[in-house]
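In: sequence-free structure coming up:
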């Protein structure tokens, strides 16, 4: 028996919006410590990993480990039927070929139940090695989204250059070139606007904007995004999964991490 | 001579929005007691009937009965040219082949006049027998719209099951199944959220969501919708036509009723 | 060296939005007195002229006259990368084949730089003779936009008829006909709603709505539009270019004028 309840169903909607264009089918691994999902995108270039901790849920029970393979596009369709303020419960009986989703509205006279069929998917759990990164940039998630979208007007790829003073995003294309530079910035009043860079040495890497623009679908999940870079290893783009409950209290339920390898540098050719 | 004036033209816009995707051409029957329209949808499955009472208009004059056949898509186009707060007057001279629409803006320096050609349409006035229904459900119109839209994600048809305790809407399809249950609910503070069910015996019928989703285009007309069901007769979905004037006063001008036969139950096969 | 700075970059965006569907490529003429652009639309029927005065900029420097030919669609793409409150600087070095656009955000830790390639375009500077017009209509720009859009539901062309009492816009088509009449109106409280007509003699001319609807893309630039008409000369549709700075102060930076010849009157045939 597996059962997990979130008081604000909109969090699940946001998670699905963040991954369902990248990945059509995937398996949730459920254990007593939480739920996680890991999948290559459909073109097998980038990787997405979602982790939701058991104690982030208002109710969580997992009697024995389960793998719930499902079509994420269908799951999204059903989550769209939940009101933003609905409590959402996910239930799966041991050995069953479906899961149940229960949406409880904030009014007390309405309840919805949906069942979605499970799938047997080939497992491809990739051990992602814990890496320490040379450069870590924390910045407003909406700003990162805006920059990736803007520079896609100019070119297909963005070069991220980190120096002590700041981080520069630049692109080149047929119509010209463009760059956006952010300097370190910290504000006590608006911590969500902070730009902080921790680095061991300057670094410059280039990434396909097509994938970054997919990653930024996670922007509604939290106010800040973290970029981690090191030579010759994939970029990690991380968003915390935050549940905003009543009276502005925020609970960190887990995170979504996207991995994308840098493009090979053509400058030397 | 026929002349009818509404102080808030937006009501006419909403009426046309509620019917013009279902019906392209139809005849308004005008008598001294009001205006009415009745038509099968273009696929000849459902029926829509509009009734507007003479005393709901701020001015109404109909010297002798007239039949005004017109293209409703064109009428909609012209009504889109009216401001939401414009007073709208419809005028037709006896024997003329066109009607005149006059839009008076709330400012006093602007007036618009449109003429639209009339058509000779085959009359198909269907006598709808007055029926007493076993089950009547009154519920928030927006909720009914939401449920029809949500369940269309799951399947093509919705089964409406009424019992003493509440009403359940359910659908089944390739990806799974879903149901939304509403229990009776009455609130003095928010009467527009009430769910009330009056019934003689439990009943379960299935309807094509394609048509129900067309009917719910009438949702902006009023806050509640009424569903009337009985074995072996068409479902009636009724919306009042409400004119919201200044200072929150509301006038009931008439109603729109949609009729749709239940699907034959395949459970026994 | 050419350098021009606007404190609110959104003005440049609005200017480009007002012309870039009409004209794909054009040359800005830069002199010490300002920047101007003149171009036929791609179908060579209408003409657009933009004038921006040097003293409307917060910084303006033009050492010697320059002609900056560019793809306006590309320029629009880059201006979309500017925040609405960004300060925008345009820079061109003498003899260079590109211009630089610098966007400074209102926060102080972010700056963007874009370079766009210049083009050699055939000059076609048309001397537009100064004309005195028989009829001048000033009216709310949003109203003019609305009328052109509404009447396009009815027909392809609008007839503008000016008399002492007011101005009438009318159209005829397959579905019927329509007209909107505005009477002179002046309000001390809401000058932006004023309709004023100065005329020497009544006049009626017909214009293709396809072009007028393009011209009204300039509506966001200012609250009033001026229509100037005379027999046998093109209509002029003029919008002031207004920069709305903080605390409601408004600076007139220049204007956009559109020219369109009347349709030949077919009434006599």
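Out: In hand now; what should we look at? What you see is a predicted model; the values in this text were computed from it and never measured. Numbering: from 1, shown residues only, chains lettered A, B, ... in the order given.
In: wait, doesn't residue A:117 sit right on residue A:96?
Out: No. Between residue A:117 and residue A:96 there is no contact under Cβ atoms under 8 Å: 10.1 Å. (C-beta placed from N, C-alpha, C; glycine too.)
In: how much space is there between residue A:47 and residue A:19?
Out: For residue A:47, the distance to residue A:19 (Cβ to Cβ, to the nearest Å) stands at 11 Å.
In: more crowded one of those two?
Out: When neighbours are counted by other Cβ atoms under 10 Å in any protein chain shown, residue A:19 comes out ahead of the other of residue A:47 and residue A:19, with 24 against 21.
In: and that one, how far is that from residue A:258?
Out: According to Cβ to Cβ, residue A:19 stands 9 Å off from residue A:258.
In: shared neighbours of those two, which are they?
Out: Contact criterion Cβ atoms under 8 Å, 6 or more residues apart in numbering or on different chains; residues shared by residue A:19 and residue A:258: A:48, A:218.
In: So what's the residue count around the closest residue to residue A:192 other than its chain neighbours?
Out: Closest residue to residue A:192 apart from its sequence neighbours, by Cβ to Cβ, 6 or more residues apart in numbering or on different chains: residue A:223 at 3.8 Å. As a burial measure, residue A:223 scores 18 neighbours (other Cβ under 10 Å).
In: go on, residue A:252?
Out: Other residues within reach of residue A:252, judged by other Cβ under 10 Å, total 12.
In: if I read this right, it contacts residue A:245, doesn't it?
Out: No. Applying Cβ under 8 Å, one finds residue A:252 not in contact with residue A:245, separated by 11.9 Å.
In: residues shared between the contacts of residue A:47 and residue A:19?
Out: With Cβ under 8 Å, 6+ apart as the test, residue A:47 and residue A:19 both reach residue A:39.
In: Show me where the stretch 1-150 of chain A dips below the pLDDT cut-off.
Out: A:124-125 (pLDDT under 70).
In: Chain C contacts on that one?
Out: Residues of the stretch 1-150 of chain A lying near chain C by Cβ under 8 Å from any Cβ of the partner chain: A:143, A:150.
In: Kindly recompute the last result at 6 Å.
Out: Within the stretch 1-150 of chain A, the positions near chain C by Cβ under 6 Å from any Cβ of the partner chain are residue A:150.
In: could you show me where the helices are in the stretch 1-150 of chain A, in order?
Out: Using DSSP state H, counting those that start in this stretch, the helices found in the stretch 1-150 of chain A span residues A:10-19, A:72-79, A:141-151.
In: Contacts for stretch A:106-115, please.
Out: Residues outside stretch A:106-115 that contact it (Cβ atoms under 6 Å, 6 or more residues apart in numbering or on different chains): A:78, A:85, A:98, A:100-104, B:176-183, B:185.
In: Now do the end-to-end distance for it.
Out: End-to-end distance of stretch A:106-115 (Cα to Cα, to the nearest Å): 21 Å.
In: Centre of the chain to that stretch, how far?
Out: Distance of stretch A:106-115 from its chain centroid, counting by Cα atoms, centre = their mean, to the nearest Å, is 28 Å.
In: and it, which residues are buried?
Out: Neighbour-count burial for stretch A:106-115, counted by 16 or more other Cβ atoms under 10 Å in any protein chain shown, picks out A:107, A:109, A:110, A:111, A:112, A:113, A:114, A:115.
In: which among the residues you listed gets closest to residue C:24?
Out: When the buried residues of stretch A:106-115 are ranked by distance to residue C:24 (Cβ to Cβ), residue A:114 comes first, at 49.9 Å.
In: How about the closest one: what's its closest non-neighbour residue?
Out: residue B:178 (4.0 Å).
In: For the one you found, name its beta-bridge partners.
Out: residue A:114, residue B:171 (DSSP bridges).
In: Just confirm it contacts residue B:153, I think it does.
Out: No. Counting by Cβ atoms under 6 Å, residue B:178 sits too far from residue B:153 to count as a contact (7.8 Å).
In: of the two, who's got more company?
Out: Neighbours per residue, other Cβ under 10 Å: of residue B:178 and residue B:153, the larger number sits with residue B:178, 27 against 19.
In: what sits against the more buried one?
Out: Counting by Cβ under 6 Å, 6+ apart, residue B:178 makes contact with A:114, B:154, B:171.
In: May I see the residues you listed arranged in a markdown table, with distance to residue B:144 as well?
Out: Shown next, in a markdown table, are the contacts of residue B:178 (distance: Cβ to Cβ, whole Å):
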| residue | distance to residue B:144 |
| --- | --- |
| A:114 | 18 |
| B:154 | 16 |
| B:171 | 14 |
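In: just to revisit the earlier point, got the helices of the stretch 1-150 of chain A as TSV, with distance to residue B:128 columns?
Out: TSV is the format used below for the helices of the stretch 1-150 of chain A (distance: least, Cβ to Cβ, whole Å):
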stretch	distance to residue B:128
helix A:10-19	43
helix A:72-79	37
helix A:141-151	54
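In: Residue A:241 is nearest to which of the ones you listed?
Out: Nearest to residue A:241, of those and by Cβ to Cβ, is helix A:10-19 at 6.4 Å.
In: How about the closest one and chain B, any contact?
Out: No. Using Cβ under 6 Å from any Cβ, helix A:10-19 stays clear of chain B, with a minimum separation of 13.0 Å.
In: now what about stretch A:149-161, what contacts it?
Out: Applying Cβ under 6 Å, 6+ apart, the external contacts of stretch A:149-161 come out as A:168-173, A:178, A:204-209, A:263, C:77, C:81.
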